[in-house]
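> got a structure for you, letters missing:
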């Protein structure tokens, strides 16, 4: 049972990311990208703060503060900034497909650093999840849009995925040294400071937000979602290999597509069902003991 808990935590985290994507589409036209990210992770940090304060005090070594903070800034600031930049040049579906290579990059990096063993079943499973996401997104991932500079957006998404892979692997020493909760809270707080600089350029601090009632509910949902999801993500990384956790990111576009069909009347095709089957098979292969 204990071995299944990290798998469940990774799966829930992947689903929460997908549901946050749908909620973001409800509210993104009421604000700016960096401002929404700041709201998102500020609320997420506020969700993590009470349990941190109620837990036994943890003293970080001074030499660990900078790398933990940098990991948080990279995962929530730089990664998001690269994605937002990429979306100026390529469609969101194509960006989602390229970002789905994050588990593959994680597997290669973790194997190179000796954190996990590269096996045929795991490699095949990761490739199947990427293929499944591709089928689920269908032709939306490959329209002739973006012009001659589409490669700029594609490289930016790949750099974003690489950032996530690096963080997923490099968190491990600190998660072994400190409890997950304070590491989560400190990394997210560091990202809030970085995002505040970006949001200031959008006028975040010069005027009050203009969210509708539904917009505020969406922002609150995204923030709480992020706080819980990030904690589960790091907890899972502390209890199993990085690839076995990051592969559940394939559930994010699947969840977004399913919820989009449910709440936004978006079409769900037969290719989506085929993609879901491939992702399920891929997840099963990566979680096998080998």
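Cool, got the structure. Values in this document were obtained by computation on a predicted structure and should not be read as measured data.

> just checking, what packs against the longest helix seen in the chain?
Ranked by residue count under DSSP state H, the longest helix found in the chain is helix 213-239. Applying 3 or more C-beta pairs under 8 Å, 6 or more residues apart in numbering; DSSP states H and E, one finds that helix 213-239 contacts helix 4-27, helix 33-54, helix 172-177, helix 180-200, helix 242-246. Any C-beta I mention is one placed from the backbone N, CA and C, and that applies to glycine too.

> just the residues contacting the first one, thanks.
Pointing back at helix 4-27 there. If you take C-beta atoms under 8 Å, 6 or more residues apart in numbering as the criterion, helix 4-27 is touched by 36, 40, 211, 214-215, 218-219, 221-222, 225-226, 228-230, 232-233, 235-236, 239-240, 244-256, 258-260, 263-264, 287.

> write the PyMOL selection for whichever of those residues are buried.
Selection of buried members from these for PyMOL, criterion 16 or more other C-beta atoms under 10 Å:
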select buried, resi 36+40+211+215+218+219+221+222+225+226+228+229+230+232+233+235+236+239+240+244+245+246+247+248+249+250+251+252+253+254+255+256+258+259+260+287
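
> where's residue 77 relative to residue 26, distance?
23 Å (C-beta to C-beta, to the nearest Å).

> ok, residue 124 next?
37 Å.

> so what does residue 55 look like in phi/psi?
Here is the backbone geometry of residue 55 (degrees, to the nearest 10): phi -90, psi 160.

> try the one 5 residues further on
With angles defined as degrees, to the nearest 10, residue 60 shows backbone torsions of phi -80, psi 140.

> just say helix, strand or coil for residue 59.
When classified by DSSP: H, G, I helix; E, B strand; the rest coil, residue 59 comes out as coil.

> next, count neighbours for it.
7 (other C-beta atoms under 10 Å).

> pretty sure residue 271 contacts residue 135?
Yes: here residue 271 lies in contact with residue 135, judged by C-beta atoms under 8 Å, at a distance of 5.0 Å.

> quick check: next helix or strand after the helix or strand encompassing residue 132?
Using DSSP states H and E, residue 132 sits within helix 120-137. The helix or strand immediately downstream of helix 120-137 is helix 150-170, counting by DSSP H and E.

> surely residue 80 and residue 37 touch.
Yes: between residue 80 and residue 37 there is a contact at 5.3 Å, judged by C-beta under 8 Å.

> so which of those two has more stuff around it?
residue 37 (25 against 21).

> any idea how far that one lies from residue 235?
Shown here: residue 37 relative to residue 235, a distance of 23 Å by C-beta to C-beta.

> residue 261 now?
Separation of residue 261 from residue 235 (C-beta to C-beta): 30 Å.

> re the thing from before, any shared contact partners between residue 80 and residue 37?
Shared contacts of residue 80 and residue 37, counting by C-beta under 8 Å, 6+ apart, come down to residue 195.

> compute the inter-axis angle for the longest helix of the chain and helix 4-27.
In terms of direction (axes from the mean of the first three to the mean of the last three C-alpha atoms, to 10 degrees), helix 213-239 departs from helix 4-27 by 160 degrees.

> now helix 213-239 and helix 33-54, what's the angle there?
60 degrees.
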